[in-house]
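Engineer: just the structure for this:
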Amino acid sequence: MSIEPQPLVRFAAWFAEAKASEPEPTAMSLATVGADGQPSVRIVLLKDVDARGFVLYTNLESRKGREALAHPQVALCFHWKSLERQVRVEGRVERVGDAEADAYFASRPRLSQIGAWASEQSRPLDSREALEARVKAFEARFPETVPRPPHWSGLRVVPHRIEFWSARPGRLHERHVYRRPDAQTPGWDVQTLYP
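Structural biologist: You can find the predicted model right below:
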């Protein structure tokens, strides 16, 4: 059996299958590291994927935003349980362009747009009422169009390593890893790994 030479083409095929079988196919773990070397992982949602990489959106002042921008080597992991598959991605974070972030922000529901302004993500919150008051204040400030906050944007993970894992009987799983030799090389090296 031949192995697809382009990992993002392979990802697109697997992602299409996941969309047909998984309750939340865009869910992925994002691992970052802090200034003290402490890793941190959380579930986020994939909002776009193309030849450049994997895109998520966040408050850049949140813990994940601060860590990803300060230490841009991150990792992603998709787990599609019904398909018994995982995709692991390692790469470098870069911010998406303002036009791309503006277009995505404009597509979000109004309450999500207001929430991007109201939430001081990852900071201490005195009470739920304080958050609700901030929501009301921003609803009043933006009665019609809600602009994208300057602290809210997209992060693109530009991959240099992508591993595809498929479960097999007896834990003799199938693993293929793609590595980009360097940023200037357009192609990928692919290897099969022991389970």
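Engineer: quick check: residue 45 touching residue 28?
Structural biologist: Yes - using Cβ atoms under 8 Å, residue 45 makes contact with residue 28 at a distance of 7.4 Å. Yep, even glycine has a C-beta here, placed from its N, CA and C like the rest.
Engineer: buried residues in stretch 109-129, which are they?
Structural biologist: For stretch 109-129, the neighbour count (16 or more other Cβ atoms under 10 Å) marks 113, 114, 115, 116, 117, 118, 119, 121 as buried.
Engineer: sorry, back to before: higher neighbour count, residue 45 and residue 28?
Structural biologist: Neighbours per residue, other Cβ atoms under 10 Å: of residue 45 and residue 28, the larger number sits with residue 28, 22 against 12.
Engineer: hmm, which of the buried residues of stretch 109-129 is lowest in pLDDT?
Structural biologist: Among these, residue 121 carries the lowest pLDDT, at 91.
Engineer: double-check that that residue belongs to a helix.
Structural biologist: No - Residue 121 is assigned coil when assessed by DSSP: H, G, I helix; E, B strand; the rest coil, not a helix.
Engineer: wait, it touches residue 62, no?
Structural biologist: Yes - here residue 121 lies in contact with residue 62, judged by Cβ under 8 Å, at a distance of 3.8 Å.
Engineer: overlap in contacts of these two?
Structural biologist: In terms of Cβ atoms under 8 Å, 6 or more residues apart in numbering, residue 121 and residue 62 are not both contacted by any residue.
Engineer: got the end-to-end distance for stretch 37-56?
Structural biologist: Using Cα to Cα, to the nearest Å, one end of stretch 37-56 lies 23 Å from the other.
Engineer: what do residue 45 and residue 28 both touch?
Structural biologist: Listed contacts common to residue 45 and residue 28 are residue 56; contacts here mean Cβ under 8 Å, 6+ apart.
Engineer: follow-up on the earlier one: nearest to residue 172 among the buried residues of stretch 109-129?
Structural biologist: The shortest distance between residue 172 and any of those, using Cβ to Cβ, involves residue 121 and amounts to 42.5 Å.
Engineer: show me what contacts that closest one?
Structural biologist: With contacts taken as Cβ under 8 Å, 6+ apart, residue 121 has the following neighbours: 58, 59, 61, 62, 63, 65.
Engineer: so where do the strands sit in this protein?
Structural biologist: Under the criterion DSSP state E, strands of the chain are mapped to 27-33, 39-45, 48-50, 53-59, 73-80, 85-95, 152-166, 174-179, 189-193.
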